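Asker: Pasting the sequence and the predicted model now:
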Amino acid sequence: MGTEKQRGDGGGGTGGRYAPAELMACVAARELCDGEVVFVGIGLPNLACNLARATHAPGLVLIYESGAIGAQPERLPVSIGDPSLVTGSLMICGMADVFQFFLQNGRIEVGFLGGAQVDRWGNINTTVIGDYASPTVRLPGGGGATEIAIHARRTLIIARLDPRAFRERVDFITSPGHRARGGGREALGIPGAGPTRVVTDKAILAANVETGELELAALYPGRTVDEVRAGVGWALRVRDTLEKVPEPTDDDLRVLREQVVGARRGRGADE
Amino acid sequence: MGTEKQRGDGGGGTGGRYAPAELMACVAARELCDGEVVFVGIGLPNLACNLARATHAPGLVLIYESGAIGAQPERLPVSIGDPSLVTGSLMICGMADVFQFFLQNGRIEVGFLGGAQVDRWGNINTTVIGDYASPTVRLPGGGGATEIAIHARRTLIIARLDPRAFRERVDFITSPGHRARGGGREALGIPGAGPTRVVTDKAILAANVETGELELAALYPGRTVDEVRAGVGWALRVRDTLEKVPEPTDDDLRVLREQVVGARRGRGADE
Amino acid sequence: MSKVVSMREAIARHVNDGDVLVIEGFTHLICFAAAHEIIRQRRRDLTICRLTPDVVYDQMIAAGCATTLVFSWAGNPGAGSLHAFRRAVESTPPTLAIEEYSHFGMVARFCAGAARLPFWSLNNYQGTDLPAANPQIRSVTCPYTGRTFATVPALNPDVTIVHAQRADAEGNAQVWGLLGVQKEAAFASQRVIVVVEELVDSAVIRADPNRTIIPGLIVDAVVVEPWGAHPSYAQGFYDRDNAFYLAWEGISRDPAKLEAYLAQWVYGIADREEYLRRQPELVARLTARPAMSGEVSYGY
Amino acid sequence: MSKVVSMREAIARHVNDGDVLVIEGFTHLICFAAAHEIIRQRRRDLTICRLTPDVVYDQMIAAGCATTLVFSWAGNPGAGSLHAFRRAVESTPPTLAIEEYSHFGMVARFCAGAARLPFWSLNNYQGTDLPAANPQIRSVTCPYTGRTFATVPALNPDVTIVHAQRADAEGNAQVWGLLGVQKEAAFASQRVIVVVEELVDSAVIRADPNRTIIPGLIVDAVVVEPWGAHPSYAQGFYDRDNAFYLAWEGISRDPAKLEAYLAQWVYGIADREEYLRRQPELVARLTARPAMSGEVSYGY
């Protein structure tokens, strides 16, 4: 997910002070606590993690499934295996260690997930649109998203609201949510807590602690419940009291643009 | 097994030109072919492997269970994890790789085994004399000898003849031979061919290709069948035609003493 | 004894029609030079396996080398889709068979292959549709807890091609930076081709044995091919060509453009040396700036 | 934030009576300094686990710290027996309980522990008496071939002590030379103490990240203890003290001599610094001669 693309589609925010993607990055960054161990993906998660590291969470430990532990990328990585994730990292290990000794071992506190389809229980589909054997659209597939959804102590979903994306049911469960194929997480013996929060372009959805159903938990400045409902393909429950989502501060935006996005000293695509 | 000790016990060879241990090392060295991958133990196996490498088998690949691959020790290692096995080796890997990717993978062509007790089927006991729960003598135990006996494509046993060592039955099977607990190697699904040859201080025993029973296959210069039978605790079969074991050449002995044993530039015990 | 041969010779000798082939390297050290030679030699009916098929397998699929793909994530990392792959699996009937896992599942398959165990156990796949889509994902019961765990079958390729920064003539290969599953894939394989940026004396390898990830004793051929991983990268040698990865979106989307690409950059040239000679700007644009590791002592 | 504490503090805080304790290191990097402090602080009822108990556990057994030993080879490497161990298991009734595996079995137990799987599968133990001697060695059936394979249970220690050549203040630890099962033991453990020859700036670690085997995020305490592994060794720092290993045969054979040894070299001194001060010849006799690795570049 190139950042240009999000910058390009014009500020949805007040007075176009920021682009939707920038707002999403700022909101997602606030979901991370200092010192946490985060499994980072490319695109918005990478922006959010590096923004958090540059602001309120300097002790955030960034782990990439490619095997870079404690990465300090000096440019915005275009891929999850970018050389800038290696140079100056704390440790490089093989992927057998990443998945067995870090992820399955329970050392990852936060995992980021995106997806073409998300259902009301937080199940995610990144595999296929339509039938698996004869797909309408073949998506890339799970990659590490299946095991991240199962083993990260909690996951954050980042996706733009769209009824084609937020659906009653997903075509294929790539990453299990709170009620997946065969039942709930505990019954299935899934260690992680699953998707606790969903950061969208208009609001934050959160899982109901009892039922696991995604509910509207917070509105972004200037957004309405109806706007959000219009982007969700099921009868979205709305919490009695909605959290307030503060606007990105000028500081957040400056750091995001200058230190995180602007940091890119990459070659090839980056020049 | 320190080499002084074997030197000390006076030449059993013709005119005391060499010590029994030196003869055993020379005979064992001849059992190794150039280019083979050998799992090396400390003591006589180490002498034999380094003698072979210095004479007819320069391409011998020495692997130590400690994780040193392609070692070229510049001194006689006192332990299997001696630092001289690391410096100048081709590869150092963790022990999980040694046992899974090298040994269980079937990459080891020859393994050396010794033991307090060896039975007529080549089963070896390095665990305990007497009852396991209340032992008369507690031996060190298997170490890597169990998996070497199972996975090395063939093994060589090195031991001095003594009816208390070569017995009808061993007190405990640490390393399976040709008929172990529960049957033959094939029936048990054991990949390696097992102990094909036993290098002793007076003769070479070899496993019968059909039965797997150890038989007298070769006599050392000046030794008699009766001498050998006196050192074995079962009715030892003697092959109709015995192989000839040539005396160690002066060259072999010079290399062994000067380049292999004499190579030790170790500190601590070695000064 | 030296195992150094040309790429042409290595592929001709060790890669056969119908083989199960692995060209590994997670983003890092993906041996495009080998893939291009396989395409030039028109290998057919290959089962190609990689965690991320990447542009390298999209090209082999487009060239008609493969009948089956074993994988876990089939996108163009950071740039879009693999359109040759998508056309093949989205057509009815599909012209490419697939066997799909997650990254962890593929890694576990290589671990089992390298350890010569027929299966590997992992705590994974609960609640997903993957086991239904792939019957090779099965389960075992733990003899201590009674809990069930997922299993994947060992992957033991006929031939694995590993790109490394350097090796000696016998194939003792050293890699730094991202390691992916290169070591596991090599140990799992019947035959191994090591392709290196730099051929070094054994003394260089022996000076730092902890950097060796593949021992010569499992290697069948060594190919010296500088820039052989372009457009992927080699840490310490050259950067990833992100411009090319982004351009692939447009090239692969249009079958005619893709054909033209293969005609010009694969069929139309003799080897990697010509590939480089024809785009001299690569070296200027992508050569790595130094960032030294420092030394340690192996003395005693 | 720095995790650097004294050995006294690290042991007082993280090693409790009754713990399952691991001090690993295969011949290389065995942390005698930690064992001596545990003896000084008179820990009791420990279950001590190591592939090779070595002199380090023979001393702890003699000092009465342990009730159970989990191991795979209990000799004095290259020198003879561990007589405190032998007296304990040869006496009737034994005064030390044992749980015995082979090296591969112990390694597999640490792998399972590090991967947080309750078991690990291996092709081993057929035809031996080990499964009869140790009911924890069990089996599973492969869901692809129907063949049965041996299993061992995960080993997840309460605390693991790893000696490394160097680490930063957060515990990102680098080791070269023999690696043993240090990484697996650390990842398997609830608590981890890293003891180093040298405390370095994070910049040194970050300059060569492929050398890091233990990440700070799993480390609870960092102790800076030069020569802390003597009489074992630290590649690049000091040689193995084979004279002491040979001498241990005589010391451990005679309970009175062993008592005297502990009185003088463990109870009789405050810490490793005094241990070194009292035998100044060690440094002259065992300091390593340099043998440099050479450098690589991590640039792009």
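Answerer: Structure's in. What do you need?

Asker: In three-state terms, label whichever residue of the stretch 51-200 of chain A sits closest to chain C for me.
Answerer: Using CB to the nearest CB, residue A:81 is the residue of the stretch 51-200 of chain A that sits closest to chain C, at 2.4 Å. For glycine as for every other residue, the C-beta is placed from the backbone atoms N, C-alpha and C. What DSSP: H, G, I helix; E, B strand; the rest coil gives for residue A:81 is coil.

Asker: swap in the one 3 residues further on?
Answerer: When states are read from three-state DSSP, the local structure at residue A:84 comes out as helix.

Asker: before we move on, back to that, show the pLDDT at the residue of the stretch 51-200 of chain A closest to chain C.
Answerer: With respect to pLDDT, residue A:81 scores 94.

Asker: again, but for residue C:39
Answerer: Per-residue pLDDT puts residue C:39 at 98.

Asker: so is the residue in chain A positioned nearest to chain B in a helix, a strand, or just coil?
Answerer: Using CB to the nearest CB, the closest approach of chain A to chain B is made by residue A:96 at 9.8 Å. State at residue A:96, reduced to three classes by three-state DSSP: helix.

Asker: That one contacts residue C:109, doesn't it?
Answerer: No - Residue A:96 is beyond contact range of residue C:109, at 10.9 Å (criterion: CB atoms under 8 Å).

Asker: higher neighbour count, those two?
Answerer: For the pair residue A:96 and residue C:109, the greater number of neighbours falls to residue C:109 (29 against 23), based on other CB atoms under 10 Å in any protein chain shown.

Asker: Ramachandran angles for the more buried one?
Answerer: Dihedral angles of residue C:109 (phi, psi; degrees, to the nearest 10) stand at phi -60, psi -40.

Asker: thinking again about what came up before, in this structure the residue of the stretch 51-200 of chain A closest to chain C contacts residue A:66, no?
Answerer: Yes - counting by CB under 8 Å, residue A:81 does reach residue A:66; the two are 4.0 Å apart.

Asker: Mind checking which of those two has more residues around it?
Answerer: More crowded of residue A:81 and residue A:66, by other CB under 10 Å: residue A:81, with 30 against 26.

Asker: quick one: contacts for the more buried one?
Answerer: Neighbouring residues of residue A:81 by CB atoms under 8 Å, 6 or more residues apart in numbering or on different chains: A:64, A:66, C:26-28, C:77, C:178.

Asker: again with residue C:39
Answerer: By CB under 8 Å, 6+ apart, the contact set of residue C:39 is C:59-60, C:63, C:65, C:262, C:266-267.

Asker: Tell me how far the helix or strand where it lies lies from the chain's centre.
Answerer: Following DSSP states H and E, the helix or strand that holds residue C:39 is helix C:32-40. Taking the mean of its C-alpha atoms, helix C:32-40 sits 12 Å from the chain's own mean (CA atoms, centre = their mean, to the nearest Å).

Asker: List of residues touching the following helix or strand past that helix?
Answerer: Where DSSP H and E defines the elements, the next helix or strand beyond helix C:32-40 is strand C:46-49. Here strand C:46-49 makes contact (CB under 8 Å, 6+ apart) with C:17-23, C:38, C:57, C:60-61, C:65-71, C:106, C:155, C:157.

Asker: So for the next helix or strand after strand C:46-49, mean pLDDT?
Answerer: Following strand C:46-49 in sequence order, the next helix or strand is helix C:54-62 (DSSP H and E). Helix C:54-62 shows a mean pLDDT of 98.

Asker: Tell me if residue C:88 really is in a helix.
Answerer: Yes - assessed with three-state DSSP, residue C:88 lies in a helix.

Asker: Compute the number of surrounding residues for it.
Answerer: By other CB under 10 Å, the residues close to residue C:88 number 21.

Asker: Chain B versus that one, what's the distance?
Answerer: 34 Å (CB to the nearest CB, to the nearest Å).

Asker: give me every residue that touches that residue.
Answerer: C:61, C:94-96.

Asker: In CSV: those residues, plus secondary structure and neighbour count.
Answerer: Shown next, in CSV, are the contacts of residue C:88 (DSSP: H, G, I helix; E, B strand; the rest coil; neighbours: other CB atoms under 10 Å in any protein chain shown):
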residue, secondary structure, neighbour count
C:61, helix, 27
C:94, coil, 15
C:95, coil, 14
C:96, coil, 17
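
Asker: just to revisit the earlier point, which members of the contacts of strand C:46-49 are positioned in helices?
Answerer: Of the positions in the contacts of strand C:46-49, C:38, C:57, C:60-61, C:106 sit in helices, assigned by DSSP state H.

Asker: Make TSV out of those residues and add distance to chain A.
Answerer: Formatted as TSV, the ones in helices among the contacts of strand C:46-49 follow (distance: CB to the nearest CB, whole Å):
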residue	distance to chain A
C:38	23
C:57	13
C:60	17
C:61	12
C:106	9
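
Asker: top of those residues by neighbour count?
Answerer: In terms of neighbours by other CB under 10 Å, the ones in helices among the contacts of strand C:46-49 top out with residue C:106 at 29 neighbours.

Asker: Could you list which residues are in contact with that one?
Answerer: Residue C:106 neighbours (CB under 8 Å, 6+ apart): C:49, C:51, C:70-72, C:155, C:181.

Asker: just the helices in the chain please.
Answerer: Let's take chain A. Using DSSP H, helices in chain A cover A:3-8, A:20-30, A:44-54, A:95-97, A:145-151, A:185-188, A:225-230, A:250-254.

Asker: hm, I was asking about chain C
Answerer: Going by DSSP H, chain C shows helices at C:7-14, C:32-40, C:54-62, C:83-90, C:103-115, C:130-133, C:182-188, C:202-206, C:242-253, C:255-262, C:272-277, C:281-286.

Asker: Need those in TSV (columns: distance to residue A:107).
Answerer: Listed next are those as TSV, based on distance: least, CB to CB, whole Å:
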stretch	distance to residue A:107
helix C:7-14	39
helix C:32-40	34
helix C:54-62	28
helix C:83-90	33
helix C:103-115	14
helix C:130-133	24
helix C:182-188	21
helix C:202-206	33
helix C:242-253	30
helix C:255-262	42
helix C:272-277	41
helix C:281-286	35
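
Asker: Out of the ones you listed, the one nearest residue A:51 is which?
Answerer: Nearest of the helices of chain C to residue A:51, taken as CB to CB: helix C:242-253 at 21.6 Å.

Asker: Report whether that closest one contacts chain D.
Answerer: No - applying CB under 8 Å from any CB of the partner chain, one finds helix C:242-253 separated from chain D by no less than 11.4 Å.

Asker: If you count contacts, what does that helix end up packed against?
Answerer: helix C:54-62, strand C:75-76, strand C:80-81, helix C:83-90, helix C:255-262 (3 or more CB pairs under 8 Å, 6 or more residues apart in numbering or on different chains; DSSP states H and E).

Asker: Please identify the deepest-packed of these.
Answerer: For these, average neighbour numbers computed from mean count of other CB atoms under 10 Å in any protein chain shown are highest in helix C:54-62, which has a mean of 26.

Asker: and stretch C:12-25, is it in reach of chain D?
Answerer: No - taking CB under 8 Å from any CB as the criterion, stretch C:12-25 and chain D are apart, separated by no less than 15.3 Å.

Asker: Which positions in stretch A:65-73 come out as buried?
Answerer: Of all the residues in stretch A:65-73, those buried under the rule 16 or more other CB atoms under 10 Å in any protein chain shown are A:65-71, A:73.

Asker: still on that earlier bit, the contacts of residue C:88: which two are farthest apart?
Answerer: Across the contacts of residue C:88, no pair lies farther apart than C:61 and C:94, at 11.4 Å, counting by CB to CB.

Asker: one step back: where do the contact lists of residue A:81 and residue A:66 overlap?
Answerer: Residues touching both residue A:81 and residue A:66 (CB under 8 Å, 6+ apart): C:26-28, C:178.

Asker: does any part of stretch C:174-183 sit near chain D?
Answerer: Yes - using CB under 8 Å from any CB, stretch C:174-183 reaches chain D at C:176-177, C:179.
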